[in-house]
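1. just to be clear, the model below is a prediction. Sequence and coordinates:
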Amino acid sequence: MSCLFCIPQMPLYDSNFDGSAITEDNIITQLATLKRDMRFVGDDTWIELFPSQFTVAKPHPSFNVRDLDSNDIVVRQYLPQFLQETKTQLVVGHELGVDHCGHRFGPFHPAMTRKLNEVDEHVRKVQYQGTMLTIRLSMVAEYRLSAC
């Protein structure tokens, strides 16, 4: 499994949170056109932006900023099994806990430390997960709401 994720027109994505599918050229649509196996779990905004591109999708509601955990739990539940699928060529897991924590409490709240530690632990588990695949882990984060 190899993943290279480039977003050349990030401002266009930022303006797309009205629920409209993305029509600009992008790697996800290109891979879908090539009939590649792609799996997604997490923030349901992705399904609004890419409504039919993923082979398997497990979207979770994203706009309850009071909920710091349920989205992340769903991602951590499905991501390991998605990564074990030998035919899968792209896996997207989008956790929301750090973002929601930042919006709700700010960067210096104890809950932020907890959420950042959970993300660190999850990345370690995914990184060292025993799979026969070559995994290139690319993380894109926009956590200006944390003190990191």
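-> Sure, I can see it.
2. where's the residue nearest to Phe50 when sequence neighbours are not counted relative to His109, distance?
-> In space, and not counting its chain neighbours, Phe50 is closest to Ile28: 5.3 Å by CB to CB, 6 or more residues apart in numbering. The way it works is simple: take the backbone N, C-alpha and C, and place the C-beta from them, glycine included. Shown here: Ile28 relative to His109, a distance of 34 Å by CB to CB, to the nearest Å.
3. if we can go back for a sec, quick one: what helix or strand has the residue nearest to Phe50 in it?
-> helix 27-33 (DSSP states H and E).
4. what mean pLDDT does that helix get?
-> For helix 27-33, the mean pLDDT works out to 94.
5. got the buried residues for it?
-> Buried residues in helix 27-33, counted by 16 or more other CB atoms under 10 Å: 28-29, 31-32.
6. relative to Thr45, which of those is nearest.
-> Nearest to Thr45 among the buried residues of helix 27-33, counting by CB to CB, is Ile28 at 13.2 Å.
7. surely the closest one and Met38 touch.
-> Yes: look at Ile28 against Met38 with CB atoms under 8 Å: they come within range, at 6.9 Å.
8. can you pull the residues that touch both of these two?
-> Residues touching both Ile28 and Met38 (CB atoms under 8 Å, 6 or more residues apart in numbering) are 53-54, 90, 92.
9. just the buried residues of the residues you listed.
-> Buried subset of the shared contacts of Ile28 and Met38 (neighbour count, 16+ other CB under 10 Å): 53-54, 90, 92.
10. picking that back up, may I ask which two of the buried residues of helix 27-33 are separated the most?
-> Longest span within the buried residues of helix 27-33, CB to CB: Thr29 and Leu31, 7.4 Å.
11. please go through this protein and pick out the longest helix.
-> Secondary structure of the chain per DSSP state H: the longest helix is helix 110-127.
12. who are the packing partners of that one?
-> On a contact count with 3 or more CB pairs under 8 Å, 6 or more residues apart in numbering; DSSP states H and E, helix 110-127 meets helix 70-84, helix 97-105.
13. helices and strands around the first one, which ones?
-> Contacting helix 70-84 under the criterion 3+ CB pairs under 8 Å, 6+ apart are the following elements: strand 37-43, strand 56-60, strand 88-94, helix 97-105, helix 110-127.
14. which of these is buried the deepest?
-> With neighbours taken as mean count of other CB atoms under 10 Å, the helices and strands packed on helix 70-84 reach their highest mean count in strand 37-43, at a mean of 22.
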